[in-house]
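[1] Predicted structure and sequence below. I'll ask about it afterward.
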Amino acid sequence: MRAIQKDFPILNRKVNGKKIVYLDNASTSQKPKVFLHALQQFYTTHNANIHRGIHTLSTEATEQYEITRKKIASYIGAASSEEIIFTKNCTEAINCVRFSWGQQYINSGDEIIVSGLEHHANFVPWQTLAKEKGAVLKIIPVTANFQLDMDAYKKMLSKKTKLVCVTSQSNVTGTINPVQEMARMAHAVGAYIMVDGAQSVGHKPVNVKKIDCDFFAFSAHKMLGPTGVGVLHVKKTVMEQMPPFMYGGEMVESVQDTQSAYRTGPWKFEAGTPNIADIVAFGTTIDYLKQIGITQIAQHDKKILAYAKKILRKYPAVRIFSPTDSALSGNVLSFTVGTVHPHDIATIFNNEGIAIRSGLHCAEPLARRLGITGTARMSFYIYNNTTDIDKVEKALQKVIKIFKV
């Protein structure tokens, strides 16, 4: 996919005199020209508030905003666009479930299960809810091969289980979790399941009907789209049980002195003026991803991951935190180099024009279980290639030489 690089203007930038190699896609991805053009076009030709006006600009903006909702529903295999709620990011989407559904349906003595691979966004909300409600929080162990212990998960499930929260793909180890199987097992005991799809939805095919999850959250900015846009998919039957998350304009049907009537569907959860322009432009990103082909993107990720593992394994000082079988992992590869601090690794890489992540990656409980203080992390996307990994090897050699490991 080398030709795709021309679609991303930022990749022409030089850092420390070298053409940038961007390998921090698990944190945020870069934006293609089609998105940048669509964003500018909205502000120069259609800019207006939505759902509130009958003038031409408002109706145009509303139509484009709702078209993106439909595109997202189709992209993730939702039953209807009315199962798609816009938020400002994946974290807010998960907190919508925590405060709207969780506050109402989690009670003292209930059990919430989270996985040991979770990002703080799908861990802290449930930790705090359990404390508030007197519920029990259980954590699925992680095996030596960085996978969830499914036998332990099976034993944890009971009639007390009310909610299971799991990432579709770990942002640290890249582990792809069997969320469809986990959903089936959760439903068998009457529990609901919340899937954090932030790391997977832009990298591999996702079908929420097939997964049969009750809640599915992700962010636009990790899939070539804008920051400030999140998505929460909720089954329609479940959404109908949920009260509003925030209150104010836009989410109301009518307001009296002593009570208000709320809108139904996703609009009930979208109080105030949303990030209209970015959501409209995000629709072009969905088109762009579909044009390339999500299956092709997944295959490309696997190719780069396998090559990166092959390179890193040449060096005894390097420890890789990833399932042995690359088929069980996505586009993320975390590693350490001897006792070198991850920030030092990232600094030397940056000197070579290579952008990687370093630290705990908002997954401190996982790092503690792995017995580490952090990792360096590479994460790949469609504009990366094996030449980027060759440059990584040269930077890695400098790390090894400087720190004598």
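    Sure thing, it's come through.
[2] any idea how far the helix or strand that contains Gln296 is from the chain center?
    Under the criterion of DSSP states H and E, Gln296 resides in helix 294-312. Offset of helix 294-312 from its chain centre (CA atoms, centre = their mean, to the nearest Å): 19 Å.
[3] What residues of it count as buried?
    For helix 294-312, the neighbour count (16 or more other CB atoms under 10 Å) marks 294, 297-298, 300-305, 307-309, 311-312 as buried. For the C-beta atoms, the positions are set from N, CA and C on the backbone; glycine is no exception.
[4] Ala327 - nearest residue in space that isn't next to it in sequence?
    Lys302 (7.5 Å; CB to CB, 6 or more residues apart in numbering).
[5] Report the separation between the one you found and Gln291.
    20 Å (CB to CB, to the nearest Å).
[6] And for Ala78?
    Ala78 is 20 Å from Gln291, by CB to CB.
[7] More neighbours: which of these two?
    Ala78 (23 against 8; other CB atoms under 10 Å).
[8] and that one, that one's in a helix?
    No. Under DSSP: H, G, I helix; E, B strand; the rest coil, Ala78 falls outside any helix and is assigned coil.
[9] ok now do it, which residues does it touch?
    Ile72, Ile84, Val208, Lys209, His233 (CB atoms under 8 Å, 6 or more residues apart in numbering).
[10] and if we set it to 6 Å?
    Ala78 sits next to Val208, His233 when contact means CB atoms under 6 Å, 6 or more residues apart in numbering.
[11] Quick check: next helix or strand after the helix or strand containing Arg69?
    In the assignment (DSSP H and E), Arg69 maps to helix 56-75. Downstream of helix 56-75, the next assigned helix or strand under DSSP H and E is strand 84-87.
[12] Which residues outside the next helix or strand along the chain from that following strand are in contact with it?
    Downstream of strand 84-87, the first helix or strand assigned by DSSP H and E is helix 90-96. Applying CB under 6 Å, 6+ apart, the contact partners of helix 90-96 are Thr87, Ala121, Asn122, Pro125, Ala198, Ala217, Phe218, Ser219, Gly230, Leu232, Phe245.
[13] The third one and Cys165 touch, don't they?
    When you say that, I think you mean Asn122. Yes. In this structure, Asn122 is within contact of Cys165 by CB atoms under 6 Å, at 5.2 Å.
[14] So which residues of this protein form helices?
    33-45, 56-75, 90-96, 103-105, 124-133, 150-156, 179-188, 208-211, 236-239, 276-292, 294-312, 342-351, 364-370, 386-403 (DSSP state H).
[15] on that earlier part again, how close does the residue nearest to Ala327 sit to Leu370?
    24 Å.
[16] Gln291 now?
    Looking at Gln291 against Leu370, where the rule is CB to CB, the gap reads 39 Å.
[17] Then Ile20?
    Counting by CB to CB, the gap from Ile20 to Leu370 is 30 Å.
[18] Kindly report the same for Ser260.
    For Ser260 relative to Leu370 (CB to CB), the value is 49 Å.
[19] and the helix holding Gln296, what does it pack onto?
    For helix 294-312, the packing partners by 3 or more CB pairs under 6 Å, 6 or more residues apart in numbering; DSSP states H and E come out as helix 386-403.
[20] How far away from the center of its chain is the helix it packs on?
    That offset, for helix 386-403, works out to 28 Å (CA atoms, centre = their mean).
[21] elements contacting it?
    helix 294-312, helix 342-351.
[22] List the buried residues in that helix.
    Buried residues in helix 386-403 (16+ other CB under 10 Å): Asp388, Ile389, Lys391, Val392, Ala395, Leu396, Val399, Ile400, Phe403.
[23] can you pull the pLDDT of the nearest residue to the second one once chain neighbours are set aside?
    Of all residues beyond its chain neighbours, the one nearest Ile389 is Ala308 (5.0 Å), with distances taken as CB to CB, 6+ apart. The confidence metric pLDDT takes the value 98 at Ala308.
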